[in-house]
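Student: Please work out how this folds:
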Amino acid sequence: MRLTLPTIVGAQFCCTSLWFAGNAVAPDMAARFHLGPGFVAALTSAVQLGFIAGTLAFALLAVADRFSPSRVFLVSALLAALSNLAVMIEGLETEGLLACRFLTGFFLAGIYPVGMKIASDYYQAGLGRSLGWLVGALVLGTAFPHLLKGLAARLPWQTVTLATSALAALGGLALGLLVPDGPHRRPGPPLSLTACLTGFRRPEFRAAAFGYFGHMWELYTFWAFVPVLLTAYNARHPGAALSVPLLSFGIIGGGSLACVGSGLLSQVVPARAVAAGALALSGLCCLASPLVLGGNSPALLLGFLFFWGLVVVADSPLFSTLVARHAPEAARGTSLTIVNCLGFALTIVSIQLTGWLAPRLGPQLLFLPLAVGPALGLWALWRGRPGRNAAVAARNDWRRPTTAGVVAQHQGATAHSL
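Tutor: Here you go, the predicted model:
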């Protein structure tokens, strides 16, 4: 039991390296196959689309609840590793490369949300702390490609592909062999294609899910455009010579510490309050960004981006905690998966919109539209606050006639007619 959480966290990091390390070698693969610059973006998007398709399929089929989550994780890790390795097949064409990356993303759907399901089956009391470590591992995996870029420039892309596939297989085997199904796991319901939506009938679940959606609108777009902002700053101030890969790694990877910290804080402060506080700070960063991004001070810019990198993801494990806590017990894994699916689908809209706005707004105003996400997320949390739900329920109960009241009214009407 003592090694359960470290094993889950280590396995999560090893397996999600498949997702993000591909970004580091994508330019080399494009050059190797004589493909244009646009293919690099297509190769990266294929993983994201695969993950969305995978989470949708896993949610509709309730895979994480109907089958052993540890076995689902193990099988998914091995299949994702094989899909990643398949890009090395000789004679593979462009469509084949995209299909391999799509399948890698598809099977990652059995890793990230299923890892959270496994943690929730073990640590119901300290779930926020556990998911803080778990999401922190994902954040570090997100930043990992930026650190790899310097290394990948001196290593063949095939070596990086082999290494990440081996890591994923090792992580899947470690979790599958060392972490059995948790003591709080409940048998899943019979197959129902609408089971993944049952949680949305609960006000607290809806509030957590929509808060998470507002958080996701901002998070991945911020991560995607941090290198763009740093590169644009270097272009405006050639003397600054900022190290874009290392600074991007620090700004994004630093969020892993924020995830761990917010998870620990949730043990003494309600998770909902910590999530709302982080989301509010992140939204304020969106609003303040034009003042900082248009400035000339590299120290102010970096300090602002490092702070934003902390608060932009600090709420992530807590939203997952709230979703897991308020989901139906028998459909907890499915609920986490469908919320992940919808949240990641939203990131594509946000990233594409920001990319479209970039040449029209310029770097200074680029992040301002992201404030919509935190604003709507906070509104959802406020609408779904426990006190308000209790008040609404009480008001509805007062308005709804009780059985005794209906009988009394009927008797009174009868007596009056007599």
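Student: Val87 is in contact with Met29, correct?
Tutor: Yes: using CB atoms under 8 Å, Met29 is in contact with Val87, at 7.1 Å. Just so you know, the C-beta spots here come from the backbone N, C-alpha and C atoms, and that holds for glycine as well.
Student: hey, what's in contact with both of those two?
Tutor: Residues within reach of Met29 and of Val87 at once, by CB atoms under 8 Å, 6 or more residues apart in numbering, are Leu97.
Student: what about Gly199, distance to Ser83?
Tutor: Distance of Gly199 to Ser83, given as CB to CB, to the nearest Å: 30 Å.
Student: go on, Leu342?
Tutor: 24 Å.
Student: Comparing the two, which shows the higher neighbour count?
Tutor: Ser83 (24 against 18; other CB atoms under 10 Å).
Student: Please identify the helix or strand for that one.
Tutor: Using DSSP states H and E, Ser83 sits within helix 69-85.
Student: and if you look at Met116?
Tutor: Assigned by DSSP H and E, Met116 belongs to helix 112-122.
Student: So which residues of the stretch 301-418 of the chain form helices?
Tutor: Assigned by DSSP state H, counting those that start in this stretch, the stretch 301-418 of the chain shows helices spanning 316-326, 332-361, 372-383, 386-399, 403-417.
Student: looking at the ones you listed, which has the lowest confidence?
Tutor: Least confident of the helices of the stretch 301-418 of the chain, judged by mean pLDDT, is helix 403-417 with a mean of 43.
Student: Give me the neighbour count for Ser116.
Tutor: No, residue 116 isn't Ser; it's Met. Look at Met116: counted by other CB under 10 Å, it has 29 neighbours.
Student: Could you tell me the end-to-end distance of stretch 115-128?
Tutor: 14 Å (CA to CA, to the nearest Å).
Student: Name the residues of that stretch that are buried.
Tutor: Within stretch 115-128, the residues scored as buried using 16 or more other CB atoms under 10 Å are 115-123, 126-128.
Student: Quick check: Cys341 vs Gly333, distance?
Tutor: Look at Cys341 and Gly333: by CB to CB, they are 13 Å apart.
Student: Looking at these two now, which is surrounded by more residues?
Tutor: Set side by side, Cys341 and Gly333 show more neighbours around Gly333, with 31 against 23, by other CB under 10 Å.
Student: ok, that one - contacts?
Tutor: 62-65, 69, 113-114, 117, 188.
Student: Drop anything exposed from the residues you listed.
Tutor: Neighbour-count burial within these applies to 62-65, 69, 113-114, 117, 188; the criterion is 16+ other CB under 10 Å.
Student: Please identify which of those residues is nearest to Pro145.
Tutor: Pro113 (21.4 Å; CB to CB).
Student: What spatial separation is found between the closest one and Val268?
Tutor: Taking CB to CB as the measure, Pro113 falls 27 Å from Val268.
Student: try Glu204
Tutor: Counting by CB to CB, the gap from Glu204 to Val268 is 21 Å.
Student: So these two - more neighbours on which side?
Tutor: Taking other CB under 10 Å, Glu204 and Val268 do not tie; Glu204 has more neighbours (18 against 7).
Student: in which helix or strand would I find that one?
Tutor: helix 203-236.
Student: List the buried residues in that helix.
Tutor: In helix 203-236, counting by 16+ other CB under 10 Å, buried: 203-230, 232-234.
Student: tilt between the next helix or strand after that helix and helix 203-236?
Tutor: For helix 203-236, the succeeding helix or strand toward the C-terminus, using DSSP H and E, is helix 244-253. Per axes from the mean of the first three to the mean of the last three CA atoms, to 10 degrees, the angle that helix 244-253 makes with helix 203-236 is 160 degrees.
Student: which other helices and strands contact helix 244-253?
Tutor: Using 3 or more CB pairs under 8 Å, 6 or more residues apart in numbering; DSSP states H and E, the elements in contact with helix 244-253 are helix 127-152, helix 203-236, helix 298-314.
Student: Return the set of buried residues in the first one.
Tutor: By neighbour count with 16+ other CB under 10 Å, helix 127-152 contains the buried residues 127-149, 152.
Student: Flag the shaky bits of the stretch 151-300 of the chain, pLDDT-wise.
Tutor: For the stretch 151-300 of the chain, applying pLDDT under 70 flags the ranges 151-155, 187-196.
Student: rerun at 90
Tutor: 151-164, 180-203, 220-221, 223-246, 248-249, 293-298 (pLDDT under 90).
Student: Then the stretch 1-150 of the chain?
Tutor: 1-5, 9, 12-48, 55-67, 87-98, 101, 112-131, 134, 137-150.
Student: In space, not sequence, find me the middle residue of the chain.
Tutor: Nearest to the mean C-alpha position of the chain, by CA atoms, centre = their mean, lies Asn340 at 6.2 Å.
Student: Tell me how far that one lies from Ala64.
Tutor: Asn340 is 11 Å from Ala64, by CB to CB.
Student: Find the residues that touch each one of the two.
Tutor: Contact with both Asn340 and Ala64 is made by residues Pro113, according to CB under 8 Å, 6+ apart.
Student: if we can go back for a sec, isn't the residue nearest to the centre of the chain right up against Val114?
Tutor: No: taking contacts as CB under 8 Å, Asn340 lies outside contact range of Val114: 10.0 Å.
Student: quick one: Gly115 and Gln12 touch, right?
Tutor: Yes: Gly115 is within contact range of Gln12, at 4.8 Å (criterion: CB under 8 Å).
Student: what sits in contact with each of these two?
Tutor: Looking at what touches both Gly115 and Gln12 (by CB under 8 Å, 6+ apart), the common residues are Leu134.
Student: related to what we said a few turns ago, for the buried ones among the contacts of Gly333, name the two members farthest from one another.
Tutor: Pro113 and Gly188 (14.4 Å).
Student: So what does the closest residue to Ile89 other than its chain neighbours look like in phi/psi?
Tutor: Closest residue to Ile89 apart from its sequence neighbours, by CB to CB, 6 or more residues apart in numbering: Gly96 at 7.3 Å. Main-chain torsions, Gly96, degrees, to the nearest 10: phi -70, psi -40.
Student: do the same with the one 3 residues further on
Tutor: Recorded main-chain torsions at Ala99 are phi -60, psi -40, according to degrees, to the nearest 10.
Student: Looking only at the helix holding Ser83, what residues are buried by neighbour count?
Tutor: Neighbour counts over helix 69-85 (16+ other CB under 10 Å) mark 69-70, 72-85 as buried.
Student: Contact partners for Gly214?
Tutor: Gly214 makes contacts with 279, 373-378, 380, as judged by CB under 8 Å, 6+ apart.
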